[in-house]
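Colleague: Sharing a model prediction with you, sequence too.
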Amino acid sequence: MKLHSIVDCITNSSSTTFIIGLPKFPETAEELQAMLFPTGRDTVTAYDDELPAATVAKKVFQDLFSAKKITTKEKFLKHYQTGWFPEYPEFEPIYPQLQDPYSNSKVYEDGRITELNRQLKLLYQKYKEKYGDKARRQEHEDWQEEDSKIHKEIYKIKHEIIKEAAKKAVDKHWEKFKALKIFILSYADDDFFESILEQGDLFDDIAHIRISNH
């Protein structure tokens, strides 16, 4: 078993919440293993690292006893929007250089945000002209006050958009999950074992949603 890939990533701590659906609460770790890996695969893999499926199934089986359970669509939505979910909208950056060059996501376009971003750029120019090119927003209360007001408006609009995106996503996913036993499990990359669970293909063969809490 190779150890370098995940271990090297542990310094950049992250955690992930998984919403998973099972046909029933398993009676044994072996039964859970059969549910998690219906094709019979015997390893859980992350990057170049792996763990035995039987060992992972025992860990997840123990975790199920303390896991939160979802029984309604409302609770599903509540947990769905706690972090970055698959349909999370990507917004245009205030400055083009902040755009992630590796992102394949379509930028969510909203005229209100575009206009507020334009106002922020004008504000930046205004105070650079007033205080000089080396001036920083943190050093001037009037700049901070105007900047904060615009950012609050942007945040409010983005919050509304994110809530609506989550609702639409849950409307779609609920059809697949509603007949299953739904559990909430969270894993972080604080150690090698949990790194495999958090970043690997543990739940790829069952109904699941990955919510990033970076």
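Modeller: On my side now, so go ahead.
Colleague: quick one: E160 and I209, what's the gap?
Modeller: 22 Å (Cβ to Cβ, to the nearest Å). (C-beta placed from N, C-alpha, C; glycine too.)
Colleague: And those two? Which one has more around it.
Modeller: I209 (23 against 12; other Cβ atoms under 10 Å).
Colleague: Show the contacting residues for A57.
Modeller: A29, E30, L32, Q33, L36, F37 (Cβ atoms under 8 Å, 6 or more residues apart in numbering).
Colleague: Now the buried members of these.
Modeller: Buried subset of the contacts of A57 (neighbour count, 16 or more other Cβ atoms under 10 Å): A29, L32, Q33, L36, F37.
Colleague: List just the nearest of these to E129.
Modeller: The closest of the buried ones among the contacts of A57 to E129 turns out to be L36 (Cβ to Cβ; 60.9 Å).
Colleague: what's the domain layout of the chain?
Modeller: Following automatic domain parsing, one finds the domains of the chain at 4-73+178-212, 90-170.
Colleague: Among the ones you listed, show me which one is buried the most.
Modeller: domain 4-73+178-212 (a mean of 16; mean count of other Cβ atoms under 10 Å).
Colleague: Quick one: mean pLDDT for that one?
Modeller: If you average the pLDDT over domain 4-73+178-212, you get 91.
Colleague: chain center to it, what's the gap?
Modeller: Its chain's C-alpha centre and that of domain 4-73+178-212 lie 15 Å apart, by Cα atoms, centre = their mean, to the nearest Å.
Colleague: thinking again about what came up before, in helices, which of the buried ones among the contacts of A57 appear?
Modeller: Of those, the ones assigned to helices by DSSP state H are A29, L32, Q33, L36.
Colleague: From K128, how far off is the first one?
Modeller: So that's A29. The value you get for A29 to K128, if Cβ to Cβ is used, is 62 Å.
Colleague: Same question for the second one.
Modeller: Applying Cβ to Cβ, the value for L32 to K128 is 60 Å.
Colleague: outside of the one helix or strand L122 maps to, which residues touch it?
Modeller: Element membership of L122 [criterion: DSSP states H and E] is helix 111-131. By Cβ under 8 Å, 6+ apart, the residues outside helix 111-131 that reach it are 91-92, 94-95, 135, 137, 139-140, 142-143, 146-147, 150-151, 153-154, 157-158.
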